[in-house]
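> Got a predicted structure plus its sequence, pasted below:
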Amino acid sequence: MTSTPTLSEPATTRAAVASAPYKRPTTPWYQREVAGRTVKLDEVMNFSRQAASFLRAGVPILDALAVVGEENASKKMQDVLTDLQIRLRAGSSFGDAIAQHSKVFPGYYVAIVRSAELTGRLDDALDQLSEYLERELALRKELKGALTYPLIVLALAVVAIVIMSVYILPKFKNFYQGLNATLPLPTRMLINMTAFISEWWWLILAIVGVFVILVALVFGGKRGKERRDKMLLRMPVVGPLVNLVAVERFCRVLAALTHTGVNLPDAVQVAADSTNNRVFQNKLTVAREAMMRGEGLARPIQTTNIFPPAARQMIRVGESTGSLDVQLQNAATFYERELKYRLKRTTDMFEPAIILIVGGAVAFVAIAQISAMYSVYSQIDV
């Protein structure tokens, strides 16, 4: 059984334990928490904040978990907190207990908690984690908000085109054929297109289905995810945004880990995993190997060619002055603002483009109908 060191232990003992290498949590398949997959990130944030308040007030961790569990509205989170209490009563440390719920608590969360337990700063660490998760939630909301409007406009345009193609335009086709009139080119193009969609809709669905399957095969699995991440990073507009997201998350998680005392090579590995980007993870694994050979952090980071110049400079300054956690936090804040600015600029650019595309499609249908009516009336007059 493992026990959590307390503040009453000698400082030398705590320092020796805190300097021990961090081990990434591994959970056997038969112990994995299936219910944890549906726990929302905001619930973890609220739990972290409430638990920090209880610990700061001197409430034991078991009592804090019991109270937070009673007040939590989510049944899934209640189950997780109950399991944590069981593990703690059995002698497990808090860090080892949450490591068994990797779907709820990410790797960086476990690493920070373990290090904070060993140094007696668990309440501060939980507060820091709640702030990080709050920023993460805010960023996700901004990303979703930025994408919602364009997606809604595109979806409505597709629905409108399908309704016109299936129900409205075929009736005009029968009307024009009954008049035996020669139709203008835009009208003929529109009628042929709607006829093709109405007759061969099953073939269109089959092609879309095959395309989706091929995409899943090419970009599925570990190798597929790496291909997808490489492709996203190379795209002209999306690539810089994806890079900024990964850089901001890496800097912020690494800042939190180094601040709580996790040794740097393991902190880099955990922070790399938090980016959820295979390109970053692979290159930072190589950088970590260079660090283990004694090359420091700034030089291996520079050779990865995935970090902007400002981030590399801040890391170099932080490593030279012994203020790495502060410089990483400054870098994360800087790139968070830069990400928001670029995201707004990108959405401001996409919105007029989508409006022009939808407007162009509507204008084409209108021109085809109006020109057909003028053509029919002119031929009847003749």
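Right, received. Where do you want to start? Numbering: from 1, shown residues only.

> Against T275, how distant is T304?
Here T304 is placed at a distance of 12 Å from T275 (CB to CB, to the nearest Å). All C-beta spots, glycine's among them, are computed from the backbone N, C-alpha and C.

> My error: substitute I213 in the last question.
The value you get for I213 to T275, if CB to CB is used, is 28 Å.

> of the two, who's got more company?
The neighbour comparison of I213 against T275 (other CB atoms under 10 Å) goes to T275, with 21 against 11.

> if I look at the spatially closest residue to the more buried one that is not a sequence neighbour, how far off is M45?
Distances taken as CB to CB, 6 or more residues apart in numbering put A246 closest to T275, at 4.2 Å, once the chain neighbours are dropped. If you measure A246 against M45 using CB to CB, the figure is 21 Å.

> and the two? which has more neighbours close in?
A direct count of neighbours by other CB under 10 Å for A246 and M45 places A246 higher, at 24 against 19.

> now the strand or helix carrying M231, how far from the chain's geometric center?
Remark: M231 resides in helix 221-234, with elements defined by DSSP states H and E. Going by CA atoms, centre = their mean, to the nearest Å, the spacing between the C-alpha centre of helix 221-234 and its chain's C-alpha centre is 15 Å.

> ditto for stretch 267-283
Distance, stretch centre to chain centre, for stretch 267-283: 13 Å (CA atoms, centre = their mean).

> Please report the average pLDDT across it, rounded to a whole number.
Looking at stretch 267-283 alone, the average pLDDT works out to 88.

> Q100 is in contact with L88, isn't it?
No - using CB atoms under 8 Å, Q100 and L88 do not qualify as a contacting pair, with a distance of 11.5 Å.

> surely D42 meets R140?
No - in this structure, D42 is not within contact of R140 by CB under 8 Å, at 10.0 Å.

> quick revisit: list of residues touching the helix holding M231?
Counting contacts by CB atoms under 8 Å, 6 or more residues apart in numbering, the residues outside helix 221-234 that touch it are 217-219, 238-239, 242-243, 277-280, 282.

> What subset of those residues is buried?
When neighbours are counted using 16 or more other CB atoms under 10 Å, those contain these buried positions: 242-243, 277-280.

> Mind checking which of the residues you listed are in helices?
Judged by DSSP state H, helices contain the following of the buried ones among the contacts of helix 221-234: 242-243, 278-280.

> which strands and helices sit next to the helix of greatest length in the chain?
What stands out as the longest helix in the chain, according to DSSP H, is helix 324-381. For helix 324-381, the packing partners by 3 or more CB pairs under 8 Å, 6 or more residues apart in numbering; DSSP states H and E come out as helix 122-163, helix 169-179, helix 185-199, helix 238-259, helix 309-321.

> Of all those helices, which one is nearest P352?
Between P352 and these, the tightest spacing by CB to CB is seen for helix 122-163, at 10.6 Å.

> What mean pLDDT does whichever strand or helix holds A97 get?
Assigned by DSSP H and E, A97 belongs to helix 94-99. Per-residue pLDDT values across helix 94-99 average out to 90.

> Repeat that for stretch 58-71.
What stretch 58-71 shows for mean pLDDT is 87.

> how about CSV for the contacts of helix 221-234, with distance to R227 added?
As requested, the contacts of helix 221-234 are arranged in CSV below (distance: CB to CB, whole Å):
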residue, distance to R227
L217, 11
V218, 7
F219, 6
V238, 15
G239, 14
V242, 14
N243, 17
N277, 12
R278, 9
V279, 10
F280, 15
N282, 12
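
> of the residues you listed, closest to G69?
Of all the contacts of helix 221-234, N277 has the smallest distance to G69: 34.3 Å, by CB to CB.

> which residue is nearest the centroid of the chain?
For the chain, the residue lying nearest the average C-alpha position, counting by CA atoms, centre = their mean, turns out to be R140 (7.0 Å).

> which residue sits closest to it, ignoring its sequence neighbours?
Excluding the flanking residues, the one nearest R140 by CB to CB, 6+ apart is L41, at 7.9 Å.
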